[in-house]
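**Q** Here is the input, now give the coordinates:
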Amino acid sequence: MDVKTLSAMLGHVSAATTLDIYTHITDDMQRTAAGNIDRGIGKAAPSEGGSAVGEECATGQDERPRMTDFKPVLPDRRRAGTGYIGQKGPNLWEGRYSPMWIDGKKHSRNVYAHTREECEEKLKVLIVEMKAELAELKRRKAKGTLPPQKPEKGK
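**A** Next up, the predicted model:
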């Protein structure tokens, strides 16, 4: 299907948004483009296994993934109370824990580290601390010693 139709079906404002989200450049695509530039500008001879300028479109079409082969990357579902770890940059990992608090809302806290392993360790400590804090709040609420919560704005 054409990008404009897909964009409208997904509810995107423009086709550029759809292309930014759902198109990805592979290493093979970069090598093919570099070879085309070399042959087109530098008049270089095709490398072994390569093809002449423009042939990638005609002969390589069966080899390229088709739109029907596209599978979106979806985050794995996780059990509640287990936390989340994601890479924010080449040397930055973020761990997040968002338990349901006694006020009925999720309260998130984050930890950051340079490696995934370091982030996992920090997240384990954070989860233990937050569970202990939540248990103490529940205990105090049951005893009636918890100070009243501030009302939300607009209510």
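**Q** ok, how many other residues are close to the spatially closest residue to residue 114 that is not a sequence neighbour?
**A** Once flanking residues are discounted, residue 114 sits nearest to residue 91: 5.2 Å by C-beta to C-beta, 6 or more residues apart in numbering. Backbone N, C-alpha and C define where each C-beta goes, glycine included. Neighbourhood size, residue 91 [other C-beta atoms under 10 Å]: 9.
**Q** now swap in the one 3 residues further on and tell me
**A** Residue 94 is surrounded by 16 other residues when neighbours are defined as other C-beta under 10 Å.
**Q** With residue 18 instead?
**A** By other C-beta under 10 Å, 20 other residues sit near residue 18.
**Q** Please apply the same query to residue 98.
**A** Counted with other C-beta under 10 Å, residue 98 comes out at 16.
**Q** Can you check what pLDDT the model gives it?
**A** Here, the pLDDT recorded for residue 98 equals 85.
**Q** now it: how far from residue 82?
**A** According to C-beta to C-beta, to the nearest Å, residue 98 and residue 82 sit 11 Å apart.
**Q** got it, and residue 147?
**A** Relative to residue 82, residue 147 is positioned 30 Å away (C-beta to C-beta).
**Q** helices or strands up against the helix or strand hosting residue 93?
**A** Residue 93 belongs to strand 92-97 when assigned by DSSP states H and E. Where contact means 3 or more C-beta pairs under 8 Å, 6 or more residues apart in numbering; DSSP states H and E, strand 92-97 is packed against strand 84-89, strand 109-113, helix 116-143.
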